[in-house]
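Asker: model the following, please.
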Amino acid sequence: MRLSGNGIQLNVNDTGTGETALVFQHYWGGSSRTWNEVTSGLLDRFRCVAIDARGAGESDAPATGYSTEDHAADALNVIRVLGLTRYILVGHSMGGKASQLLAAKRPPGLLGLVLVATSPLSPMAIEGAKREQMKAAYIDRNAVEWSLENVLLGSEISLASREQLIADALRVSPEASAGWIEIGSRENFSEKAADINVPVAIVAGELDRVDPISEVKAHVVAHYPSAQVRFLANKGHLLPVEAPQEVATLIRSMADRAQR
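Answerer: Numbering: from 1, shown residues only. From the prediction side, this is the model:
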């Protein structure tokens, strides 16, 4: 379905009928489809609301508006339009940064926060050469395949999943790419972590080359001393497709913890 708000229309995949909703935000280069293998293991208990970020998937791609605040505001609008009153935010990478910022605003109905290979609230440690490499990461199929093999993945995935990742990356608008590379990844909201007052769960891949374990420990885990933390061996940055069952299990555990 397409939902209006903040001057644009976002595509939202809304499935399941559980009393508690899970609101999913994806990584830069992904779409709501990134979460398909995760949500398939959760629909028996939860309403799963996966959002195509602006400039990705089937959502509108405005010329401007790609800050972390914009992505957080879009998710909040979806929550309000759908009338969600009990929900957990689940964010991957770029979506994790937006989910943290939204959680810090303490929106009504928020029960918990699950961070999957998340970007930190602080600026990412991206050197000049790496930032230039990011600009070319999704320009064509060959570039996307190189990025998957050399940056994003840490383990084997199915051919169908790989083709989906490639298709999603090629659909990201130039404005959305520039927005994350030049704005979102540079923004600093570190002080906002102290405002998050719900249970937090964190999962990261030990082979993640985008947000390495050392960075996650220093700039994510350190902010949430009571968080449930899990590091997955032999997995990279794309945990929703590399380890969907493990991610789904962590979400279930978070829900149990949040609803006590």
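
Asker: mind checking which residue lies nearest the centre of this protein?
Answerer: To find the centre residue of the chain, average its C-alpha atoms and take the closest one (C-alpha atoms, centre = their mean): that gives His92, at 2.4 Å.

Asker: Val114 versus that one, what's the distance?
Answerer: Plainly put, His92 is 9 Å away from Val114 if you go by C-beta to C-beta, to the nearest Å. Glycine gets a C-beta too; all of them are placed from N, C-alpha and C.

Asker: Ile166 too?
Answerer: 26 Å.

Asker: give me the more crowded residue out of these two.
Answerer: More neighbours sit around Val114 than around the other of Ile166 and Val114, counting by other C-beta atoms under 10 Å; the figures are 28 against 17.

Asker: sorry, back to before: just to check, the residue nearest to the centre of the chain is in contact with Ala243?
Answerer: No: using C-beta atoms under 8 Å, His92 is not in contact with Ala243; the gap is 11.7 Å.

Asker: please, where are all the strands along the stretch 101-250 of the chain?
Answerer: For the stretch 101-250 of the chain, strands defined by DSSP state E, counting those that start in this stretch occupy the ranges 110-116, 200-205, 228-232.

Asker: mind putting those into JSON lines with mean pLDDT?
Answerer: Below are the strands of the stretch 101-250 of the chain laid out as JSON lines (pLDDT from 0 to 100):
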{"stretch": "strand 110-116", "mean pLDDT": "98"}
{"stretch": "strand 200-205", "mean pLDDT": "98"}
{"stretch": "strand 228-232", "mean pLDDT": "97"}
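
Asker: could I get those as a markdown table with distance to Asn36?
Answerer: Listed next are the strands of the stretch 101-250 of the chain as a markdown table, based on distance: least, C-beta to C-beta, whole Å:
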| stretch | distance to Asn36 |
| --- | --- |
| strand 110-116 | 14 |
| strand 200-205 | 18 |
| strand 228-232 | 19 |
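
Asker: compare those strands and give me the one nearest Thr39.
Answerer: With C-beta to C-beta as the measure, strand 110-116 is the member of the strands of the stretch 101-250 of the chain nearest Thr39 (12.7 Å).

Asker: ok, and the closest non-adjacent residue to Ser93?
Answerer: Sequence neighbours aside, Tyr27 is the residue nearest to Ser93 in space, at 3.5 Å (criterion: C-beta to C-beta, 6 or more residues apart in numbering).

Asker: and the one you found, helix, strand or coil?
Answerer: Counting by DSSP: H, G, I helix; E, B strand; the rest coil, the backbone at Tyr27 sits in coil.

Asker: tell me how many other residues crowd it.
Answerer: What Tyr27 shows, counting by other C-beta under 10 Å, is a neighbour count of 29.

Asker: which residues touch it?
Answerer: Taking C-beta atoms under 8 Å, 6 or more residues apart in numbering as the definition of contact, the neighbours of Tyr27 are 34, 92-95, 117, 237-238.

Asker: so His237 touches Glu206, yeah?
Answerer: No: judged on C-beta under 8 Å, His237 makes no contact with Glu206 at a distance of 11.1 Å.

Asker: any shared contact partners between those two?
Answerer: Residues touching both His237 and Glu206 comprise Gly154, with contact defined as C-beta under 8 Å, 6+ apart.

Asker: what residues are up against Arg257?
Answerer: For Arg257, the contacting residues are 112, 199, 201, 228, taking C-beta under 8 Å, 6+ apart as the criterion.

Asker: so what pLDDT did it get?
Answerer: Predicted confidence (pLDDT) at Arg257: the value is 82.

Asker: any idea of the angle the helix or strand it falls within forms with strand 200-205?
Answerer: Element membership for Arg257, per DSSP states H and E: helix 244-258. Here helix 244-258 runs at an angle of 170 degrees relative to strand 200-205 (axes from the mean of the first three to the mean of the last three C-alpha atoms, to 10 degrees).
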